[in-house]
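# quick one: sequence and predicted model below, then my questions.
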Amino acid sequence: MAGIAATGAAEIARRPGRGTLRAALVRWVFIALSLGFLAAVLLAPLAAVFATALGQGIGAYLDSFRDPDTGAAIRLTLLTAAIVVPLNTIFGICAAWAIAKFEFRGKAFLITLIDLPFAVSPIISGLVYVLLFGAQGWFGIWLQEQNIEVIFALPGIVLATLFVTFPYVARELIPLMEQLGNDEEEAAITLGASGLMTFVRITLPKVRWGLIYGVILCNARAMGEFGAVSVVSGHIRGLTTTMPLHIEILYNEYAFVGAFAVASLLTLLAVVTLIVKSVIEWQASRATGH
């Protein structure tokens with residue numbers, strides 16, 4: 001492996017024009033353009049979020065999180081993610097296993113359905129749940145008779161978040177499982193291993209990095225979802241407002257410190273997500289030897 005890497009590096013070094021002044025200038029121009037673009041569209045807005053959140057001092061920043069409605073929004077966001085991520089993980093593993101390991105009628109249709117949330121606006125998905133479970137929806141009257149609340153309650157928020165996040169785990173695992181093939185699993189089953197043992201001992205260790213990566217993406221989207229949740233939540237302050245919705249409410253009330261304080265918390269969660277993602281990619285590259 002080291003010899004192949006050394007040969008590749010030597011071949012790159014021998015490419016025509018690589019050591020010229022023109023090549024160096026082009027390289028640094030592209031690097032500068034990339035860094036400038038990132039600074040303009042990413043770093044500057046992030047700096048503005050923290051500058052506004054801390055504009056009145058650390059005391060005002062911390063006081064923002066003592067607001068009961070802010071605490072309720074944070075708890076609801078974490079609860080929603082705690083429900084959605086495990087369900088999507090189970091679905092993603094089952095869907096990826098079925099698609100990658102078996103041939104069946106309707107396989108292409110199932111793949112299309114998994115990709116559907118990428119093509120449908122989150123607002124539309126929220127409206128679909130309102131049409132199904134709202135007071136005037138298909139199941140609305142029956143739900144009212146059973147005293148079951150879906151829309152403008154936690155179940156509706158969970159359903160809307162499930163819809164927009166369920167492709168992430170499956171989409172990470174499907175190509176990975178297809179690339180790995182079925183040879184080791186078939187050998188294990190031939191030797192007498194059960195399907196569950198084959199999955200736990202052979203398949204799962206090989207796809208663990210992709211699984212963790214998909215879970216991280218799913219969790220990040222679940223905590224940051226706005227559109228679909230906005231439709232089904234009803235914006236009931238302190239009850240059905242997640243962190244993104246609460247930020248909107250505070251901003252519309254000109255409570256900028258509170259709004260940007262909650263936004264900074266979401267930003268920190270995103271940064272932690274990126275760090276974990278980078279660590280996982282590094283570990284995966286070490287494990288595969290690339």
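Cool, the structure landed. For clarity, every value in this text was computed on a predicted model and none was experimentally measured.
# just checking, which helix or strand of this protein averages the lowest pLDDT?
Lowest by mean pLDDT, DSSP states H and E among the helices and strands of the chain is helix 2-13, with a mean of 51.
# so after that one, what's the next helix or strand?
helix 21-38 (DSSP states H and E).
# please report the distance of the closest residue to V215 other than its chain neighbours from L173.
Residue nearest to V215 in three dimensions, not counting chain neighbours: T89, with 5.7 Å by CB to CB, 6 or more residues apart in numbering. Backbone N, C-alpha and C define where each C-beta goes, glycine included. Distance check for T89 against L173: by CB to CB, to the nearest Å, it reads 10 Å.
# what sits in contact with each of these two?
211, 214 (CB atoms under 8 Å, 6 or more residues apart in numbering).
# of these two, which one has the most company?
Using other CB atoms under 10 Å as the criterion, T89 and L173 rank with L173 on top: 25 against 21.
# list the residues that contact W138.
131-132.
# for it, helix, strand, or coil?
Following DSSP: H, G, I helix; E, B strand; the rest coil, W138 is assigned to coil.
# need phi/psi at it.
phi -60, psi -40 (degrees, to the nearest 10).
# pLDDT wise, what is it at?
Note for W138: predicted pLDDT of 87.
# hang on, isn't the residue nearest to V215 packed against I216?
No. Between T89 and I216 there is no contact under CB atoms under 8 Å: 11.0 Å.
# domains for the protein, by residue range?
The record's domain parsing of the chain by automatic domain parsing lists 2-51, 58-288.
# check contacts around S125.
Counting by CB under 8 Å, 6+ apart, S125 has contacts 117, 160, 163-164, 228.
# three-state assignment of it?
Three-state call for S125 (three-state DSSP): helix.
# what does I74 give?
Quick answer, by three-state DSSP: I74 is helix.
# spell out the residue ranges of the strands in the stretch 51-200 of the chain.
In the stretch 51-200 of the chain, no strands are defined using DSSP state E, counting those that start in this stretch.
# shaky segments in it?
Residues of the stretch 51-200 of the chain meeting the criterion pLDDT under 70: none.
# helices along that one, start to end?
Assigned by DSSP state H, counting those that start in this stretch, the helices in the stretch 51-200 of the chain fall at 58-64, 68-101, 107-119, 122-133, 140-145, 154-165, 167-180, 183-190, 195-198.
# deepest-packed of those, please.
helix 154-165 (a mean of 23; mean count of other CB atoms under 10 Å).
# ok, residues contacting it?
For helix 154-165, with CB under 8 Å, 6+ apart as the criterion, the contacting residues are 76, 79-81, 83-85, 87-88, 117, 122, 125-126, 129, 133, 148-150, 218, 221-222, 225, 227-229, 231-233, 240, 242.
# now do it and helix 122-133, the angle between them.
Put simply, helix 154-165 runs at 140 degrees to helix 122-133, going by axes from the mean of the first three to the mean of the last three CA atoms, to 10 degrees.
# and the closest residue to S121 other than its chain neighbours, what is it in contact with?
For S121, ignoring the flanking residues on the chain, the nearest one in space by CB to CB, 6+ apart is G227 at 6.8 Å. Neighbouring residues of G227 by CB under 8 Å, 6+ apart: 121-123, 126, 164.
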